[in-house]
Each structure stands twice: as C-alpha cells, then as structure tokens.
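Chemist: Need the 3D shape of this:
(4 chains)
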2 protein chains.
Amino acid sequence: MPAPQPPASPDVPAPETPDDPAPAAGTAARAKGRPRSAAADRAILDATREALAELGWGGLTMGHVAIRAKVAKTTLYRRWPSKNELVVDAVAILFDDLVMPDLGSLRADIEAVVAQFADLLARPESQAALLALFAEGTRDPHLRRRIREAIVDPQKRLVRQGRAAAQARGELAADTDPRTAGEEIDIIFDTIAGTVEHRVLVSGEPITADWTRRFTDLLLGPFPSLLSG
Amino acid sequence: MPAPQPPASPDVPAPETPDDPAPAAGTAARAKGRPRSAAADRAILDATREALAELGWGGLTMGHVAIRAKVAKTTLYRRWPSKNELVVDAVAILFDDLVMPDLGSLRADIEAVVAQFADLLARPESQAALLALFAEGTRDPHLRRRIREAIVDPQKRLVRQGRAAAQARGELAADTDPRTAGEEIDIIFDTIAGTVEHRVLVSGEPITADWTRRFTDLLLGPFPSLLSG
DNA sequence: CTGCTTTCGCTACGAGTCGTAGCGTAACTG
DNA sequence: CAGTTACGCTACGACTCGTAGCGAAAGCAG
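Modeler: Residues are numbered from 1 along each chain as shown, chains lettered A, B, ... in the order given. Modelled structure (predicted):
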C-alpha cells in the first residue's frame, strides 16, 4: 500500500488525510490517460530495500534507487514526496505478513511473538531504516502517524490477540477494570517491542531461544532470583 | 570527554583504540605550539546541542554549527572527523551526571531510575539525535562502541548499582548462579531502557508517574491482571 | 484510426552540503 | 628571537536534493 502522490489532479489540494476513500476498491475507478506502471512501484520498493540493506540509511540516495529500479528519478518523485515516505512503504511491507502464533499457551505465544519481532528487526534492510525513520518521526508528526499505522500497530495487534486468546483459554483473570485494560496492553506491548528493539537495534546482540525464555520469565512472573519473596 | 583528532602528529596513524593513554592525566603533557582552545570545544558542543534541539538531526549541518559556535568550519573538522562523532560527544554530556537514587527500597529506586531515563530522553536535543546515532551505529561498529561507552553503559551502571543496593538491604535473594548473574542484569536493563526508549522515542508519549508505577509492577512481579495464578 | 490525457525517460538546473586544501595570522614555548 | 601549532578565511570539487521542461509512449473515447 504505497502512498502515491495525488495522481495528477492539477490543482486540487487533495485533503491532507492519507486515507484515499474513492479510488481504491476493486479496479481503478476511472483511468483516462496512461496508467501508472504497477511494475515500477514494485521495482522501486524492491530497489529501496536492496539499497537499504547494502548502503544503509545514509548511503541511500534517490538517484541510486532510481537507477537500480531502472526508472527515471522524476518517476520516483512523482509517487513519493520524500525519502522518508518511500522508506516507510518499503519497510512496511516486511511487517505485512505478521501472524499470530496461537500455540496453545501464553508462554509459547509470547516466545513466538518475540522471535518474530526479533527476526524482522534482524533483517539488514530494516536495521538502520527503522531507527532512522523513528528519528525523523520525532520531528514529523505526520510521519510518526504513518509509522504507527504501518509498523507499530500490526505488532501491537499480535500482542492484543495473544492476550485475548490466553483469556479465552482461562490463563488470565478477567479484565479487572475495562478502562485500564487498554493501558495494560500498552505497557505489555511497549515492554516487549522496546526490549527487543533495544537489544537488536541498539546493543546489536542476537536474540536467542534462551534469552527469549528468560525474558518471558520476567514478563510472566517475578524474575527467578530478583525477588526473594 | 571529546574524542579529538590526533592533535597533530603528522603521519603517525594513531592506534585505532580510542583510549588515549598518555596525554590525559593532569595538565597537558607537552605543549609546544599554540594550544587548542578549550572554549572552542565547549562552544562547539553547546552549539551542536542547540542546533540539534532546534533543527533536529537532518537539519544539523557542520556549517551551521561552526557559525553558531563562532568557529571556522575547518576548526570543527580538526577535532571531530564526522557529524556522528561530534553528536556522540555533544549528547553524551547529558548522560554524565546520572546519579543512583538509593531511596531505600527497590521499588523506589526503579521508579527513580525510570524517571531519570525518561527525562533524559524527553529532551529535544536528544530525541532525534539518539535514534539517528543508533541508526548509524548499526553499520559502524566503532560508533556503536562509542555509543555504548558514553551513553548505554552509564545507564546500565545505575541498574547494576540499584540491584547491588537492594541485595545489600536483603530485598533480593542471593545470586543463584554467578555465571548467569550478568545475563540477568542485562535482561533487566534491556527491559527498562528499551521500554522507556520505545515509549518516549517511538511512540512519543510521555512517561507519567502512574505509568512508571504500573511498569514497575510488571518488573517486580506478575502483572496485576495478567496471570490469574 | 484519430484525438485526448496522463505517465514515462531524459537532460539540465539551482541550491545546499560535505570534507579538504591553501594561505596568512595568532598564540604559546624555549 | 625562532620554532611550532592552532586558528580564521576563502575557495574548491564532488555529491545530493528536488524541480522544470521536453518529446515520446501508453492507454481511453469517439
């Protein structure tokens, strides 16, 4: 789901909301001129991820991407207004096929989700890109929203689903207070996502099965030797 | 503690280790020509932090920093070989005056440490800079080491001290296995640092006293409504 | 097939940044 | 004083960004 520039309409400012309501469903609504090449879209996004993995964020230039995708630089700018937006779409694809494990126990589900996060973050094309996007997001609320929608929310959905599944299995007490349930899920998610991000992206250390087990221990109960009582 | 370029020695490659052994202690060992202006160092680092807070990482240019610090651009390059190194030193200063709270209870200490992290990360001059540095660090092992030494390790020291203090007070069981004690501390630190980073830097949401309390609940024991047993 | 519309590839451009080189001058030592 | 080093200044080549203008290609309506 790229974020195409308003596809031509010469001067209509196009409402700032990124949710295009009309021209989506099914086939293109009205195509009057030469249609945009879908192949070019894929080539550009693929080239972006490849360049990202090879050169990192700093080495990624629009010119390189254009050459690699066998596309004119102008074509690139016709669809994505900036490097940031392009990289969001290129990286977001990686987060599209997140699946909820549902392995039958809360512990197994958590460990599977952690492993899934870790694998995603370990990819060379996402390493620097994610952090650089987060960095830009701190100054650009629009970009932060897009990051949240395309990358963070899909992950959070997994945690929420896992919690619901565990609750259905009777592993969890009933929601104490409906008002605070959302905040609890937020804290749990921030903890899982943040810890994995820190270890993989900042420390650069791998996430092993053993580490995952220990971390899940911490999440599910008192840390083995942390508290005596 | 800046990381000055080898201060002149025309061709000696200067061992890659950033720990300069000799010329540190006390006053300068041997100064033959015009000494480097310490005021310029401070002015550059101050200007870097100011520009960082105003313009963010992307807007920060060496030219601007030089003008703001009333220093020639060449002077800037004589001391820091790249933007990354300069920003590491500029930001690392913020982490210099970390203090271990030692409030008398493990819970209070954890909450104080979390609040301290949160305050540091909430500063406008560190927001984008830290993430951008982390991003570069994923591709530059040397930079990652410097980040670890200047920014991550000081934080980890706090957590380690807090754990030792709690142990001395009898709040913690004795170390189960000396070999795994280090790993435990690592997991706890990664969890605290990563969660705070994610919430502040990625989600952009503030860390309130209430949130800190809930998070500490999660760390110290089973999450209130997470596990029934 | 003939217009009409929109996209595409290409070239060129101005603005901005990076990092370096060269030069004369300032500061400090012996 | 001479010797050494840092400093400010200017200029430079290489690179990137994002845009403009043009002719050609690819579809659609009649």
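
Chemist: mind listing what the residue positioned nearest the centre of chain A touches?
Modeler: By C-alpha atoms, centre = their mean, chain A has its centre lying nearest to residue A:151, at 1.9 Å. Counting by C-beta atoms under 8 Å, 6 or more residues apart in numbering or on different chains, residue A:151 touches A:88, A:91, A:92, A:95, A:130. In short, each C-beta sits where N, CA and C put it, glycine included.

Chemist: and if we set it to 10 Å?
Modeler: Residues in contact with residue A:151 (C-beta atoms under 10 Å, 6 or more residues apart in numbering or on different chains) are A:88, A:91, A:92, A:94, A:95, A:120, A:126, A:130, A:133, A:134, B:202.

Chemist: The residue of chain A found nearest DNA strand C: what secondary structure?
Modeler: In chain A, the residue that lies nearest DNA strand C is residue A:33 (1.9 Å; C-beta to the nearest atom of the strand). Under DSSP: H, G, I helix; E, B strand; the rest coil, residue A:33 falls in the coil class.

Chemist: do you know how far it is from DNA strand D?
Modeler: Distance, residue A:33 to DNA strand D, using C-beta to the nearest atom of the strand, to the nearest Å: 5 Å.

Chemist: hmm, stretch A:99-111 touching chain B?
Modeler: Yes. With C-beta under 10 Å from any C-beta of the partner chain as the criterion, chain B is reached by stretch A:99-111 at residue A:106.

Chemist: what comes up buried for that stretch?
Modeler: Buried positions in stretch A:99-111, judged by neighbour count with 16 or more other C-beta atoms under 10 Å in any protein chain shown: A:100, A:101, A:106, A:107, A:109, A:110, A:111.

Chemist: Where do the helices of chain A begin and end?
Modeler: A:38-59, A:62-68, A:73-79, A:83-92, A:106-122, A:124-137, A:141-147, A:153-168, A:178-197, A:209-220 (DSSP state H).

Chemist: The second one and DNA strand C in contact?
Modeler: Spelled out, that is helix A:62-68. No. Against DNA strand C, helix A:62-68 shows no contacts by C-beta under 7 Å from any atom of the strand, the least distance being 8.0 Å.

Chemist: Counting by contacts, list what that helix packs against.
Modeler: Other helices and strands packing on helix A:62-68, by 3 or more C-beta pairs under 10 Å, 6 or more residues apart in numbering or on different chains; DSSP states H and E, are helix A:38-59, helix A:73-79, helix A:83-92.

Chemist: could you give me the average pLDDT of it?
Modeler: Averaged over helix A:62-68, pLDDT sits at 97.

Chemist: any residues touching that helix, and which ones?
Modeler: Helix A:62-68 is contacted by residues A:43-52, A:54-55, A:61, A:71-77, A:80, A:82-83, A:86-87, A:90 when judged by C-beta under 10 Å, 6+ apart.

Chemist: List only those of those residues flagged as buried.
Modeler: Applying 16+ other C-beta under 10 Å to the contacts of helix A:62-68 flags A:43-45, A:47-52, A:71, A:76, A:80, A:83, A:86-87, A:90 as buried.

Chemist: Same list, those, but only the ones touching DNA strand C.
Modeler: Applying C-beta under 7 Å from any atom of the strand to these, those adjacent to DNA strand C are residue A:71.

Chemist: related to what we said a few turns ago, with respect to residue B:146, which of the helices and strands packed on helix A:62-68 lies nearest?
Modeler: Taking C-beta to C-beta, helix A:38-59 is the member of the helices and strands packed on helix A:62-68 nearest to residue B:146, at 16.6 Å.

Chemist: re earlier: may I see the helices and strands packed on helix A:62-68 organised as a markdown table, with distance to residue A:185 added?
Modeler: Formatted as a markdown table, the helices and strands packed on helix A:62-68 follow (distance: least, C-beta to C-beta, whole Å):
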| stretch | distance to residue A:185 |
| --- | --- |
| helix A:38-59 | 31 |
| helix A:73-79 | 36 |
| helix A:83-92 | 22 |
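
Chemist: can you redo those as JSON lines with mean pLDDT and distance to DNA strand D?
Modeler: As requested, these are exported to JSON lines (pLDDT from 0 to 100; distance: least, C-beta to the nearest atom of the strand, whole Å):
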{"stretch": "helix A:38-59", "mean pLDDT": "94", "distance to DNA strand D": "7"}
{"stretch": "helix A:73-79", "mean pLDDT": "97", "distance to DNA strand D": "4"}
{"stretch": "helix A:83-92", "mean pLDDT": "94", "distance to DNA strand D": "5"}
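
Chemist: Which among those helices is found nearest to residue A:139?
Modeler: helix A:83-92 (10.4 Å).

Chemist: who does the closest one touch, helix- and strand-wise?
Modeler: Using 3+ C-beta pairs under 10 Å, 6+ apart, helix A:83-92 is in contact with helix A:38-59, helix A:62-68, helix A:73-79, helix A:124-137, helix A:141-147.

Chemist: Just say which of those helices is most tucked in.
Modeler: Burial of the helices and strands packed on helix A:83-92 is given as mean neighbour count (mean count of other C-beta atoms under 10 Å in any protein chain shown); helix A:124-137 ranks first at a mean of 25.

Chemist: okay, the helices and strands packed on helix A:83-92 in CSV with distance to residue A:163 next?
Modeler: Compiled in CSV, those are given as follows (distance: least, C-beta to C-beta, whole Å):
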stretch, distance to residue A:163
helix A:38-59, 32
helix A:62-68, 40
helix A:73-79, 38
helix A:124-137, 24
helix A:141-147, 23
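
Chemist: one step back: what's the farthest-apart pair in the contacts of residue A:151?
Modeler: Using C-beta to C-beta, the contacts of residue A:151 reach their maximum pairwise distance at A:94 and B:202, which is 16.5 Å.

Chemist: neighbour-wise, which of these two wins?
Modeler: residue B:202 (24 against 18; other C-beta atoms under 10 Å in any protein chain shown).

Chemist: If we ignore the residues flanking it in sequence, what's nearest the more buried one?
Modeler: Once flanking residues are discounted, residue B:202 sits nearest to residue A:134: 5.2 Å by C-beta to C-beta, 6 or more residues apart in numbering or on different chains.

Chemist: Please list all residues in contact with that neighbour.
Modeler: A:143-144, A:147, A:151-152, A:197, A:201, B:127-128, B:130-132, B:134-135, B:197-198, B:201-204 are the contacts of residue A:134 under C-beta under 10 Å, 6+ apart.

Chemist: cool, residue A:116 as well?
Modeler: Per C-beta under 10 Å, 6+ apart, neighbours of residue A:116: A:97, A:98, A:99, A:100, A:101, A:155, A:158, A:196.

Chemist: what's the most distant pair in those?
Modeler: Every pair of these checked by C-beta to C-beta; the farthest is A:97 and A:196, at 17.9 Å.

Chemist: Next, the angle helix A:124-137 makes with the lowest-mean-pLDDT helix or strand in chain A.
Modeler: Ranking every helix and strand in chain A by mean pLDDT, DSSP states H and E puts helix A:178-197 at the bottom, with a mean of 87. If you take axes from the mean of the first three to the mean of the last three C-alpha atoms, to 10 degrees, helix A:178-197 sits at 130 degrees to helix A:124-137.
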